[in-house]
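In: Attaching a predicted model along with its sequence, questions to come.
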Amino acid sequence: MMTCIAIDDEPKALEVIERYCQKISLTSLRATFREPLKAIEFLNREKVDLIFLDINMPDISGMQLLQTLSPRPLIIFTTAYSQYAVESYELNALDYLLKPVTFERFLMAINKASAVLSSKNTTSPDEDAAIFIKSGPQTFRVRVSEILYLEKNGNYITLHRKEGNILIRENMGDIFDLVPPADFIRVHKSYVVGIRHISMIEVHQLIVNGEKIPIGSTYRDTLRDRLGIM
């Protein structure tokens, strides 16, 4: 479970983060702070995995606060201003959430943080690693190892599992914000597959759980390089 804190001088913004964290068992929100200097005092005593950090605050900005931290936890900036996005990524922030933050976008950021922490903490695939997938009014906890492949269908993506499929509204270009890149590879404009589930590869297709998945010509070399195929 990821330990985290939230720093924001707006009480309503902290309430949103707290409410969202309560919905997700991947996170443990240790504390919230309206005063950045008090947050720094806390961080000098306690270690956390992740900080939700506002940028415009009294006394010290989120950017300035980040530069005081050593070692740095993962940082997800939360702000109403888009003009700081480039600077935030130069500071190696994990993500940049614009207010008002939707639960779907928050969930994507949490999944990204979980993937980063998993890759740091293990050198082999974690069979118990899980992400949360929102489908309509429902949110499903899905083990990464259970995902066979993802298939684009119009404005939706179908997440295929042996236990049943889940339909989500997502762009294929953003799919690696949802699933960990270390465990999946895009093989076609409409398909991303779980590497561990590939049972056979041919020139124009591969097999996942008995299903034939096409390999796009623009993805063939990347697939061969990634899997070490001569």
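Out: Structure's in. What do you need?
In: What residues sit buried inside the longest helix along the chain?
Out: Ranked by residue count under DSSP state H, the longest helix found in the chain is helix 103-121. Neighbour-count burial for helix 103-121, counted by 16 or more other C-beta atoms under 10 Å, picks out 106-118. Heads up, the C-betas are built off the backbone N, CA and C, glycines and all.
In: What's the first helix or strand after that helix?
Out: Once the chain leaves helix 103-121, the next helix or strand it forms, by DSSP states H and E, is strand 130-135.
In: Need the CA coordinates for whichever helix or strand comes after that following strand. CSV is fine.
Out: Using DSSP H and E, the helix or strand that follows strand 130-135 in sequence is strand 138-143. What follows is strand 138-143, C-alpha atoms only, in CSV (Å, rounded to 0.1, in the frame of the first residue of the first chain):
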residue,chain,number,x,y,z
GLN,A,138,-18.4,0.8,-11.1
THR,A,139,-14.7,0.5,-10.2
PHE,A,140,-13.0,-2.9,-10.3
ARG,A,141,-9.9,-4.0,-8.6
VAL,A,142,-7.9,-6.0,-11.2
ARG,A,143,-4.7,-7.9,-10.8
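In: Could you tell me which residues make contact with the spatially most central residue of the chain?
Out: Closest to where the C-alpha atoms of the chain average out (C-alpha atoms, centre = their mean) is residue 112, at 1.8 Å. Residues near residue 112 by C-beta atoms under 8 Å, 6 or more residues apart in numbering: 94, 95, 177.
In: Skip the chain neighbours and tell me the closest residue to the first one.
Out: Which is residue 94. Leaving aside its chain neighbours, residue 94 sits nearest to residue 74 (4.8 Å; criterion: C-beta to C-beta, 6 or more residues apart in numbering).
In: What about that neighbour, how many residues nearby?
Out: Residues contacting residue 74 under the criterion other C-beta atoms under 10 Å number 22.
In: where does it fall, phi/psi-wise?
Out: Torsion angles at residue 74 (phi, psi; degrees, to the nearest 10) stand at phi -70, psi 140.
In: Assess the claim that it and residue 53 are in contact.
Out: No: here residue 74 does not reach residue 53: they are 10.3 Å apart, not a contact under C-beta atoms under 8 Å.
In: Perfect, that will be all.
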